[in-house]
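give me the fold of what follows.
(chains A, B, C and D)
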Protein chains: 4
Amino acid sequence: MKNRLSRFRIIDDGKKFKRVFDLDDPKPKGLPNGMIKNEELEEIEPGTSFTLGGKKFFVLSCTLKDYIMEYLHRKTQIIYPKEAGYILLNLDIFPGRKVGEAGTGSGALTAIFSRAVGERGEVFSFEKRDDFTEIIQKNLEVCREYENIKFFNRPLQEVDIPKDFDAFFLDMKFPWEVLPKVNSSLKPGCRLGLLLPTTNQVTRIISTLQASGYFIHEVSEIFRRSYKLNAERFRPEDVMTGHTGYLVFASKLKKTEEGS
Amino acid sequence: MKNRLSRFRIIDDGKKFKRVFDLDDPKPKGLPNGMIKNEELEEIEPGTSFTLGGKKFFVLSCTLKDYIMEYLHRKTQIIYPKEAGYILLNLDIFPGRKVGEAGTGSGALTAIFSRAVGERGEVFSFEKRDDFTEIIQKNLEVCREYENIKFFNRPLQEVDIPKDFDAFFLDMKFPWEVLPKVNSSLKPGCRLGLLLPTTNQVTRIISTLQASGYFIHEVSEIFRRSYKLNAERFRPEDVMTGHTGYLVFASKLKKTEEGS
Amino acid sequence: MKNRLSRFRIIDDGKKFKRVFDLDDPKPKGLPNGMIKNEELEEIEPGTSFTLGGKKFFVLSCTLKDYIMEYLHRKTQIIYPKEAGYILLNLDIFPGRKVGEAGTGSGALTAIFSRAVGERGEVFSFEKRDDFTEIIQKNLEVCREYENIKFFNRPLQEVDIPKDFDAFFLDMKFPWEVLPKVNSSLKPGCRLGLLLPTTNQVTRIISTLQASGYFIHEVSEIFRRSYKLNAERFRPEDVMTGHTGYLVFASKLKKTEEGS
Amino acid sequence: MKNRLSRFRIIDDGKKFKRVFDLDDPKPKGLPNGMIKNEELEEIEPGTSFTLGGKKFFVLSCTLKDYIMEYLHRKTQIIYPKEAGYILLNLDIFPGRKVGEAGTGSGALTAIFSRAVGERGEVFSFEKRDDFTEIIQKNLEVCREYENIKFFNRPLQEVDIPKDFDAFFLDMKFPWEVLPKVNSSLKPGCRLGLLLPTTNQVTRIISTLQASGYFIHEVSEIFRRSYKLNAERFRPEDVMTGHTGYLVFASKLKKTEEGS
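Reported below is the predicted structural model:
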């Protein structure tokens, strides 16, 4: 993000209302009980609170996670933070890395990768569908802190890309279709990650990866269970997310295409 | 890590043996069926395999996660990758950030923070126990890719530290003891994270945080369920980790010390 | 239930509508696309389907579980089947047993106990609140297959009860209040079960049970994760129940009251 | 069981040793620190404790669940109590019902069904493998409280059985092979349950059931998470069972064989 100080997260005491606001946008901000002018919001320091229409609102710093969960325009199911953090560590995504991703979806994971690889890193993101290009471009525009994202509104298979990717992530319906391209782009020994919602896709990709000479590290699911914030009556929330997808992590072996 | 190309992860076909080896260390490496000389290992390209004593071994790139899980000397329960990734996102730890951590434990999370904040970032880590200082220092020495870790073998309360931390993480038995120090070090609106193994600690910290004027975002647990890698008989592993700890995330409000 | 053949469960193809109907009740039955007369429903055999307003409905046998989940009038959170079945086995509730329960709640577990102990068994159920006595009595009336339920609309502590209970189950806010009564009613070595929603209640009851000389077998939670019924796209449901309560099972030791 | 008072469960304070003993067996009983004569054990009342070799042992009543988990001879993976209780409720297994089961396995679920249906009920159990017939027969002999189990050491397909089963449960590798037989034995509208360890089996049985005209109620998994019994440091156990199997419940529709 160009200027992170220009973003705030406003949340009420009971957490019923929570939203991220951008000071760069001069329009007044709508809150549950009224409007607040952008100039007024600029005067409010982070970590403090204000009262509007009899209701207390806290002004907190905006994390990239908040930004993605509450501000990004979504056209697709996004990858949740519980998975995104685990993906960062399993794909070894850190400052300076060159990372590929297909498909882009709403750009949530693209934004996370972009921040993690920093100004010396690179993120190549591919989305073949063209029905929400505009939303992706808008999302990536507001999210990008660094000029390190290359977005391609074309199928990965059809784009001519470098051969030295440090990691690749696939979040698409038929990932086996792009595997030959990934094989020739990923450095030997480096990591490929995938998210797949159904067991049918997982068993098919296991077979394909094994036949293509990949070393599969794991197939796993990540769950998050959250608790009510009451010290006298401490208990989990009544409802939790039951499923997002199965994560698959594998390492590319050398010359897998040639069937060594 | 000074030179990541000097580290490899060697793993057998059945994943019974997996270990990280360091080429900077000239000693021969012990494998299940024999020894391999360091010079020999240097000749083997990542992404390929070799055979020793009739057994096939793959040479893969070593992620920081592998390195921590398989190479780090442990004196304490370390924070697992499933939690570490989620912590990175919730504390908004990315290149250039200044992050505090107490206690250091075995240094696993310190290493992850160090990589994530990069060369322009800073990690301050505090450990009051002095019975495993040597192991921490050795772990942090081999882990550090950047000169961005400041390790203090003293209680956080007793160290004079800057007032502009972007995030703080506490993994200690009595975190309420260091809260006043954290209050005065963390930037207003910024994030504090904690890992606590028991519900008694969680209910106590909820009360303390609420009384100290923190805004608590969430208390949650992260689970990982892994699957057997058999496409014809796809099923979860028989056993899973049942508990590591409860994660707590909160934002510091301004003048919490003065009890506003 | 007096005549189980008189009850049916009607469910549409897509499971959007599912309801239990009682042929003993002569009123016409309301379905999503119209009404069906009781006499018409009587003619439809279980295991078949009929079409009403262009929609297909299946007529299935009604299990006690269906009956409880879909027909019982609820004033309180009921105990779910995932817990109820586990309770039956842990309290060793089978034909001929004498079982105590406090509080009755909506009578769901009472009905399950009644069926399980059969005509030679006995279920004593206590509910101190009087704001939904009518609903309990109606629920127990329609549920009872056997004349084996004794319902007391009074606090357990105040009722003079036998000393030879085979098992006792407590689902109430302050179970420690009735523990002395349970102690003197439960056969030595036999099982007490409890359901408690918060960890604060659990830690308190662990202390109380240990101080009262109970042998605690386990504290556990039961989760159920359900899947979408699509063979080509097999995957878990997006949302699951995150919490109902903690189950506690203990055995009464002899003369626990006298503090042996 | 013929005389339940003749069975006890002996457990030490720390739950490291727990075993079920049978007073009908005149042999002395082996405990960690020594032997105890059967006559001595007969004198000890349930709910009390005794000391042997400096160690305290509690004598508790033996539930059928304890008996199955700790006494039954196992040749196969048994169905756990967390699943067994849920199966009882979903198949509506209560006093007086006629229930079928294939395969018998070690007889654990057979014993649970036998107890639940009581003296007026019937359990037909089929096991085609003959390599552990002796163990099954021994297990069912000691477990049976009622003369209500009919055991067939033959494939279900080959046995001529009644047409009026109230419920059927299949725990076998290729359940689709016996489905035509189940179709003709189960009363219309009544329930079939299955336990299957792999997703490949589940997707195949979903297709088969749908093609055979079954109404599928659910596919689900049951998890149990247990906690350490320490009121001051309350926390889940470090390790939990990650998988037993997927449960499938369906209702037989009329004339499914004829493909109505």
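
residues in contact with the residue lying closest to A:L247 once chain neighbours are set aside?
For A:L247, ignoring the flanking residues on the chain, the nearest one in space by C-beta to C-beta, 6 or more residues apart in numbering or on different chains is A:S220 at 5.4 Å. Any C-beta I mention is one placed from the backbone N, CA and C, and that applies to glycine too. A:S220 is in contact with A:Y246, A:L247, B:R224, B:R225, B:S226, B:Y227, counting by C-beta atoms under 8 Å, 6 or more residues apart in numbering or on different chains.

for the stretch 1-150 of chain A, which segments count as helices?
In the stretch 1-150 of chain A, the helices defined using DSSP state H, counting those that start in this stretch lie at A:38-43, A:64-70, A:81-90, A:108-117, A:133-143.

so which of those helices gets nearest chain D?
Go through these one by one with C-beta to the nearest C-beta and the one that ends up closest to chain D is helix A:81-90, at 17.1 Å.

report the angle between the axes of the closest one and helix B:81-90?
Angle between the axes of helix A:81-90 and helix B:81-90 is 110 degrees (criterion: axes from the mean of the first three to the mean of the last three C-alpha atoms, to 10 degrees).

so what's A:D131 up against?
In this structure, A:D131 makes contact with A:K75, judged by C-beta under 8 Å, 6+ apart.

scan chain A for its longest strand.
For chain A, the longest strand by residue count, based on DSSP state E, is strand A:215-227.

which non-adjacent residue is nearest the spatially most central residue of chain A?
In chain A, the C-alpha nearest the mean C-alpha coordinate belongs to A:L109, at 2.1 Å (C-alpha atoms, centre = their mean). In space, and not counting its chain neighbours, A:L109 is closest to A:I79: 4.8 Å by C-beta to C-beta, 6+ apart.

tell me, how many neighbours does that neighbour end up with?
Counted with other C-beta atoms under 10 Å in any protein chain shown, the burial measure for A:I79 works out to 22 neighbours.

what's the answer for A:R224, then?
Once other C-beta under 10 Å is used to define contacts, A:R224 is seen to have 20 neighbours.

ok, it touching B:E218?
No: under the criterion of C-beta atoms under 8 Å, A:R224 lies out of contact with B:E218, with a separation of 9.1 Å.

what does chain A have sitting close to chain D?
A:T199, A:N200, A:T203 (C-beta under 8 Å from any C-beta of the partner chain).

hmm, 6 Å instead?
Taking C-beta under 6 Å from any C-beta of the partner chain as the criterion, chain A approaches chain D at residues A:T199.

tell me where the model's unsure across chain A.
A:1-6, A:255-260 (pLDDT under 70).

try it again at 50.
Regions of chain A meeting the criterion pLDDT under 50 cover residues A:1-5, A:256-260.

show me the domain layout of it.
Per automatic domain parsing, the domain ranges recorded for chain A read A:4-62, A:67-251.

can you tell me which of those domains is most buried?
domain A:67-251 (a mean of 20; mean count of other C-beta atoms under 10 Å in any protein chain shown).

endpoints of it, how far apart?
32 Å (C-alpha to C-alpha, to the nearest Å).

likewise stretch A:226-246?
Distance across stretch A:226-246, first residue to last, is 20 Å (C-alpha to C-alpha).

the stretch 51-200 of chain A: strands as residue ranges?
In chain order, the stretch 51-200 of chain A shows strands spanning A:55-61, A:98-102, A:122-126, A:149-152, A:165-170, A:186-196, with DSSP state E, counting those that start in this stretch as the criterion.

who touches the fourth one?
The reference is to strand A:149-152. Under the contact criterion C-beta atoms under 6 Å, 6 or more residues apart in numbering or on different chains, strand A:149-152 has outside partners A:S114, A:V123, A:F124, A:S125, A:F126, A:L140, A:V159.

in the stretch 101-250 of chain A, which residue sits nearest chain B?
Each residue of the stretch 101-250 of chain A has a distance to chain B, by C-beta to the nearest C-beta, and the smallest belongs to A:P188, at 2.5 Å.

nearest residue to that residue in space, please, no chain neighbours.
Nearest-residue entry for A:P188: B:G47, 2.5 Å, with adjacent residues in sequence omitted and distances by C-beta to C-beta, 6+ apart.

so who does that neighbour touch?
Neighbours of B:G47 in contact, by C-beta under 6 Å, 6+ apart: A:P188, A:G189, A:L253, A:K254.

phi and psi next, for it.
The phi and psi torsions at B:G47 (degrees, to the nearest 10) take the values phi 90, psi 0.

ok, longest helix in chain A?
Taking DSSP state H as the assignment, the helix of chain A that covers the most residues is helix A:199-211.

near chain C, which residues of chain A? Just list them.
Taking C-beta under 6 Å from any C-beta, the part of chain A that reaches chain C is made up of A:197-200, A:225, A:233-240, A:242-243.

please report how far the nearest residue to A:E147 once chain neighbours are set aside lies from B:I93.
With C-beta to C-beta, 6+ apart as the criterion, A:E147 has its nearest non-adjacent residue at 7.7 Å, and that residue is A:E119. When distance is defined by C-beta to C-beta, to the nearest Å, A:E119 is 16 Å away from B:I93.

ok, A:V20 next?
As defined by C-beta to C-beta, A:V20 lies at a distance of 19 Å from B:I93.

measure A:K65 to D:V117 for me?
With distances taken as C-beta to C-beta, A:K65 is found 54 Å from D:V117.

whoops, I mixed them up, A:C62
Taking C-beta to C-beta as the measure, A:C62 falls 61 Å from D:V117.

which ones are touching the residue of the stretch 101-250 of chain A found nearest chain D?
Across the stretch 101-250 of chain A, the shortest distance to chain D (C-beta to the nearest C-beta) belongs to A:T199, at 4.1 Å. Under the criterion of C-beta under 6 Å, 6+ apart, the contact list for A:T199 reads B:F234, C:F234, D:T199.

A:K82 and A:R224 touch, don't they?
Yes: A:K82 sits in contact with A:R224 when judged by C-beta atoms under 6 Å, with a separation of 4.4 Å.

still on that earlier bit, got the angle for the longest helix of chain A vs strand C:215-227?
Counting by the same axes, to 10 degrees, helix A:199-211 lies at 90 degrees to strand C:215-227.

run the chain-centre distance for helix A:199-211.
How far helix A:199-211 lies from its chain's middle: 24 Å, per C-alpha atoms, centre = their mean, to the nearest Å.

dump the C-alpha coordinates for it into PDB.
The C-alpha coordinates for helix A:199-211 follow below in PDB (Å, rounded to 0.1, in the frame of the first residue of the first chain):
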ATOM      1  CA  THR A 199     -11.500 -34.800  -2.600                       C
ATOM      2  CA  ASN A 200     -12.000 -35.800  -6.200                       C
ATOM      3  CA  GLN A 201      -9.600 -33.000  -7.300                       C
ATOM      4  CA  VAL A 202      -7.100 -34.000  -4.600                       C
ATOM      5  CA  THR A 203      -7.000 -37.600  -5.600                       C
ATOM      6  CA  ARG A 204      -6.500 -36.600  -9.200                       C
ATOM      7  CA  ILE A 205      -3.700 -34.200  -8.500                       C
ATOM      8  CA  ILE A 206      -1.900 -36.700  -6.200                       C
ATOM      9  CA  SER A 207      -1.900 -39.100  -9.100                       C
ATOM     10  CA  THR A 208      -0.800 -36.500 -11.600                       C
ATOM     11  CA  LEU A 209       2.000 -35.100  -9.300                       C
ATOM     12  CA  GLN A 210       3.200 -38.600  -8.600                       C
ATOM     13  CA  ALA A 211       3.200 -39.500 -12.300                       C
END
